[in-house]
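Asks: What follows is a predicted structure for the sequence shown.
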Amino acid sequence: MSSLRTQLLLWLLGALLLTGLAGAAALYRQALDEADLVFDQQLQETARALRDRSFLQPAPEYGEREAEADLVVQVWSLTGVRVYLSRKHASLPGLTTLGFSTVKTPEGEWRVYGLRTAFNVIQVAQPMRVRESRAAHLAVRVLLPFALLVPALGMIIWMSVGRTLRPLRALALQVSTRPAGEAAPLREQGLPAEVRPRVASLNDLLARLTSLRERERRFIADAAHELRTPLTALRLQLRGLDQASEAERRQAVADLEAGVGRASRLVEQMLALARQDAPEPIARRVISLAELAREVVGELFPAADARSLDLGVSEAAGGEIEGEVESIKALLRNLIDNAIRHSPVGGRIDVSVRALPAALELAVADQGSGIAPEERARVFDRFYRAPDAPPGGSGLGLAIVRSIADAHGATVTLNDADGGPGLKVSVRFAMRSRAQ
């Protein structure tokens, strides 16, 4: 029953069979009613034809019509004595009421009509099986042509179902025979209107899978390119350790440690970006954005203090959002880390959470050199670094921020810092309603 073709055939052929049986039963019932009407009229006519006969003389003869209908005539005296019987049966109905009645006997049911005359009571009876046989005969005669057409109709249904499902088989063949790497959309021409939405959904899925595969391919190519330079530098620094003096060796070790740190951060950021690109639903929960901002500021305070930077939360409005905690933390870390690396020694970094109508705005403002307006659209591209960016960056920080914001339905904007040089990055989240 998992086959659509089988289900259609069973339903259609079953409906055809049930309709035929219901039609036969209705036709038999109608034929029986008509036979009752005709035979009742015959009983009445026969009784009336005999009312002027004298049954003291030889019994009257009956024609072929009465014999074929198996009519039995009984004549009773007014005192209840049967004085005449046209033919013998195993069991006959006795004297009944006048008019029409149905009487049960051991031989079966009889239809009886009684007529009273001045001298006697004439009773004409007929077995009900005669009527049923005549009705069945009439029904068979009418249904015989239809019964001969049923196999033809079944064959037509069989062929029609097969022809109707042919586009589905062609679609299945089109999918099964295409190469594994083929991402072209499936053809919709010639498909039934009921199937086209499914094919459109498959094409949409193929387009999304193609986009995901292209992002993965581009990510792998970019990662290989970006990792090649720091790994080559680390290898050269390791080779130079053997030939360096003690003072040079200490400097080389310090440079090597810094290079390992940069490579490690690059790998962490690439892994974070890969997690954001994974097509998995976000496990959302209620988050207090202000509390999360304080927590991340506390984690990164030592790095800011090492450069004598004044890092703190300048505004912490109440309100909650729905999102994935680790992703929002990663967004905050990247924004604050970028601000630490781009701020001058002794500068200030303000993290704020402001309440807006139906939204919460997270902002990180620094006192660095900022980003030129013509560069602000490109800095969200992966591995892109502005020409005046300080060394050591990977070009992934803002790309990660944009990816996390998009996954949470938030918007990211870049503006000049308030009251002086620097950059202010604002991320606007939809605020969770108190009624939720």
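Replies: Arrived safely, thanks for sending.
Asks: residue boundaries of the strands in the stretch 51-200 of the chain?
Replies: Secondary structure of the stretch 51-200 of the chain, counting by DSSP state E, counting those that start in this stretch: strands at 72-77, 82-85, 99-105, 108-116, 120-127.
Asks: hmm, who's touching the third one?
Replies: Pointing back at strand 99-105 there. 40, 43, 91-94, 96, 109-114, 125, 128 (CB atoms under 8 Å, 6 or more residues apart in numbering). Backbone N, C-alpha and C define where each C-beta goes, glycine included.
Asks: what about that strand, average pLDDT?
Replies: Averaged across strand 99-105, pLDDT comes to 87.
Asks: With only the CA atoms kept, save that strand in PDB.
Replies: The C-alpha trace of strand 99-105 is given here as PDB (Å, rounded to 0.1, in the frame of the first residue of the first chain):
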ATOM      1  CA  GLY A  99     -58.000  -7.600  -0.600                       C
ATOM      2  CA  PHE A 100     -54.300  -8.000  -0.700                       C
ATOM      3  CA  SER A 101     -52.200  -9.700   2.000                       C
ATOM      4  CA  THR A 102     -48.900 -11.600   2.300                       C
ATOM      5  CA  VAL A 103     -49.100 -15.000   4.000                       C
ATOM      6  CA  LYS A 104     -46.300 -17.200   5.200                       C
ATOM      7  CA  THR A 105     -46.500 -20.900   4.700                       C
END
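Asks: got the angle between the helix or strand containing A25 and strand 72-77?
Replies: Counting by DSSP states H and E, the element that carries A25 is helix 4-49. Angle, helix 4-49 to strand 72-77, by axes from the mean of the first three to the mean of the last three CA atoms, to 10 degrees: 40 degrees.
Asks: For helix 4-49, give the mean pLDDT please.
Replies: Average pLDDT, helix 4-49: 81.
Asks: got the contact list for V345?
Replies: By CB under 8 Å, 6+ apart, the residues touching V345 are R307, S308, L309.
Asks: Report the buried residues of stretch 287-301.
Replies: Across stretch 287-301, burial judged by 16 or more other CB atoms under 10 Å covers I287, S288, L289, A290, L292, A293, V296, V297, L300.
Asks: Output those residues in TSV, with pLDDT and distance to L149 appended to each entry.
Replies: What follows is the buried residues of stretch 287-301, written out as TSV (pLDDT from 0 to 100; distance: CB to CB, whole Å):
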residue	pLDDT	distance to L149
I287	88	72
S288	90	76
L289	89	75
A290	90	80
L292	91	77
A293	91	81
V296	90	81
V297	91	86
L300	89	86
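Asks: Any chance of CSV for the residues you listed, columns distance to A365 and secondary structure?
Replies: Formatted as CSV, the buried residues of stretch 287-301 follow (distance: CB to CB, whole Å; DSSP: H, G, I helix; E, B strand; the rest coil):
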residue, distance to A365, secondary structure
I287, 22, strand
S288, 21, strand
L289, 16, helix
A290, 16, helix
L292, 18, helix
A293, 13, helix
V296, 15, helix
V297, 13, helix
L300, 15, helix
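Asks: hmm, back to that, got the contacts of V345 as a markdown table, with secondary structure columns?
Replies: Below are these laid out as a markdown table (DSSP: H, G, I helix; E, B strand; the rest coil):
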| residue | secondary structure |
| --- | --- |
| R307 | coil |
| S308 | coil |
| L309 | coil |
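Asks: Could you pick out the buried ones from these?
Replies: L309.
Asks: Sort the contacts of V345 by pLDDT and name the bottom one.
Replies: Least confident of the contacts of V345 in the model: R307, at 87.
Asks: Report the separation between that one and I336.
Replies: The gap separating R307 from I336 is 12 Å, by CB to CB, to the nearest Å.
Asks: Tell me, domain by domain, which residues of the chain belong where.
Replies: 4-54+63-159, 196-272, 282-430 (automatic domain parsing).
Asks: for the ones you listed, which one sits closest to L173?
Replies: With CB to CB as the measure, domain 196-272 is the member of the domains of the chain nearest L173 (13.7 Å).
Asks: quick one: average confidence on that closest one?
Replies: In the prediction, domain 196-272 has an average pLDDT of 70.
Asks: Can you tell me how far the residue nearest the centre of the chain is from D52?
Replies: Closest to where the C-alpha atoms of the chain average out (CA atoms, centre = their mean) is R198, at 9.9 Å. Distance from R198 to D52, counting by CB to CB: 83 Å.
Asks: got it, and G181?
Replies: Using CB to CB, we find G181 at a distance of 103 Å from D52.
Asks: dump the residue contacts of the residue nearest to V325 when sequence neighbours are not counted.
Replies: Ranked by CB to CB, 6 or more residues apart in numbering and with sequence neighbours excluded, the top spatial neighbour of V325 is I287, at 6.1 Å. Counting by CB under 8 Å, 6+ apart, I287 touches E320, I321, E322, G323, V325, I328.
Asks: all helices of the stretch 51-200 of the chain, in order?
Replies: 64-68, 128-164, 166-176, 196-241 (DSSP state H, counting those that start in this stretch).
Asks: doesn't L17 make contact with F146?
Replies: No - with contact defined as CB atoms under 8 Å, F146 and L17 do not form a contacting pair (11.9 Å).
Asks: so how many other residues sit close to the closest residue to L4 other than its chain neighbours?
Replies: Leaving aside its sequence neighbours, L4 sits nearest to L165 (CB to CB, 6+ apart; 6.7 Å). Using other CB atoms under 10 Å, L165 has 15 neighbouring residues.
Asks: got it, and V199?
Replies: A count of neighbours around V199, defined by other CB under 10 Å, yields 17.
Asks: who's in contact with it?
Replies: Each residue near V199 by CB under 8 Å, 6+ apart is listed here: L171, L186, E188, L191.
Asks: Show the buried residues in the residues you listed.
Replies: By neighbour count, with 16+ other CB under 10 Å, these hold L171, L191 as buried.
Asks: Go through the contacts of V199 and name the one nearest L209.
Replies: Comparing those against L209 with CB to CB picks out L186 as the nearest, at 13.0 Å.
Asks: Surely the closest one is in contact with Q174?
Replies: Yes - using CB under 8 Å, L186 is in contact with Q174, at 6.2 Å.
Asks: What is the subsequent helix or strand relative to the helix or strand encompassing L332?
Replies: In the assignment (DSSP H and E), L332 maps to helix 325-342. Going down the chain from helix 325-342, the next helix or strand is strand 348-356, by DSSP H and E.
Asks: neighbouring contacts of that following strand?
Replies: Against strand 348-356 from outside (CB under 8 Å, 6+ apart): 289-290, 293, 297, 304, 309-319, 332, 336, 339-340, 343, 360-367, 428, 431.
Asks: Quick one: mean pLDDT over it.
Replies: 91.
Asks: what pairs with that strand, and is each one parallel or antiparallel?
Replies: Strand 348-356 has the following strand partners under DSSP bridges: strand 310-316 (parallel), strand 359-365 (antiparallel).
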